[in-house]
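In: Got a sequence here, can you build the structure:
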Amino acid sequence: MKISIKRKSRNEFLVSTFFLFLFWMAISFPSNIYSKLGVINLIEHIILGLISAVIITAIYPNNIFTSDEIKKYANIKTLFRLGIYFSRLLADIFLAGIDVARRVMRKNIVISPGIVQIKTPLKEDDEIALNANSITLTPGTITIEAKKTEEGSIFWVHCISQESVRDILEGGGFVDRISHIYGRKND
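Out: Here you go, the predicted model:
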């Protein structure tokens, strides 16, 4: 039995290591860094995270990001548009959270749930995943299923109210924003 290991390019190695290190810092950032001992712990934590990220990237045979994906996202305009997208997504999550909290806190809960089918022109796997996850992260909506078609993709979304359904259908939801990230306009 022959085992083939694909050699990673330098960019793939560096990008994978960087994102693993960011993940490490996000899930295990030390809480007490405001003392002399806390700063030392932070430095140790950073060194341990870098070493772990390098070892995992070197040992793991698959790439987290391919060279094509790195080229796709290594554009300054794309990174800037992604930053704008995620800031708007956070605002949407916050506003939807307030809306859901208001509905739940009322004496008579005002909900009219529904499932809506949304056809989109999104064809790339990363765009479909970004759209599905953005919908699910927003309180009051959840993506039940996403399916790739020849024309684009279809999403089945459960919404807490008919107003949410109407907003998704009329406003274009996240699809226009995701298309804008890559400099495309939807027809």
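In: The residue nearest the centre of the chain: what's it in contact with?
Out: Among the residues of the chain, the one closest to the centroid is residue 130, at 5.4 Å (CA atoms, centre = their mean). By CB atoms under 8 Å, 6 or more residues apart in numbering, the contact list for residue 130 reads 174, 178. (Each C-beta comes from the backbone N, C-alpha and C, glycine too.)
In: roughly how far apart are it and residue 89?
Out: With the distance defined as CB to CB, to the nearest Å, residue 130 ends up 9 Å from residue 89.
In: so what's in contact with the two at the same time?
Out: Common neighbours of residue 130 and residue 89 (CB under 8 Å, 6+ apart) are residue 174.
In: A helix includes residue 118, no?
Out: No - checked against DSSP: H, G, I helix; E, B strand; the rest coil, residue 118 lies outside a helix; its state is strand.
In: Looking at strand pairing, list the partners for it.
Out: residue 155 (DSSP bridges).
In: Isn't it up against residue 159?
Out: No - using CB atoms under 8 Å, residue 118 is not in contact with residue 159; the gap is 10.5 Å.
In: Pick out whichever of the two has more residues nearby.
Out: Higher neighbour count among residue 118 and residue 159: residue 159, with 23 against 20, using other CB atoms under 10 Å.
In: show me what contacts that one?
Out: With CB under 8 Å, 6+ apart, residue 159 has these contacts: 113, 114, 115, 116, 140, 141, 165, 168.
In: how close does it sit to residue 28?
Out: Taking CB to CB, one finds residue 159 at 35 Å from residue 28.
In: Domain map for the protein?
Out: Under the assignment automatic domain parsing, the domains of the chain span 10-70, 75-181.
In: so which of these is the most packed in?
Out: domain 75-181 (a mean of 15; mean count of other CB atoms under 10 Å).
In: Pull up the distance across that domain, start to finish.
Out: Distance across domain 75-181, first residue to last, is 11 Å (CA to CA, to the nearest Å).
In: Skip ahead from the worst-scoring helix or strand of the chain on mean pLDDT and say which helix or strand is next.
Out: Each helix and strand of the chain was given a mean pLDDT (mean pLDDT, DSSP states H and E); the minimum falls on helix 162-171 at a mean of 70. Note on helix 162-171: by DSSP states H and E, the next helix or strand toward the C-terminus is helix 175-181.
In: got a list of contacts for stretch 80-92?
Out: 73, 134, 137, 138, 174, 177, 178, 180, 181, 182, 183.
In: now do 6 Å
Out: The contact list for stretch 80-92 (CB atoms under 6 Å, 6 or more residues apart in numbering) reads 134, 138, 177, 181.
In: Equivalent analysis for stretch 13-28, please.
Out: 49, 50, 53, 54, 56, 57, 64, 65, 70.
In: Among the residues you listed, which ones are in helices?
Out: Using DSSP state H, the subset of these located in helices is 49, 50, 53, 54, 56, 57, 70.
In: Pipe those residues into CSV and attach distance to residue 104 and pLDDT per row.
Out: Listed next are these as CSV, based on distance: CB to CB, whole Å; pLDDT from 0 to 100:
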residue, distance to residue 104, pLDDT
49, 39, 91
50, 43, 94
53, 41, 91
54, 46, 92
56, 41, 90
57, 44, 88
70, 43, 73
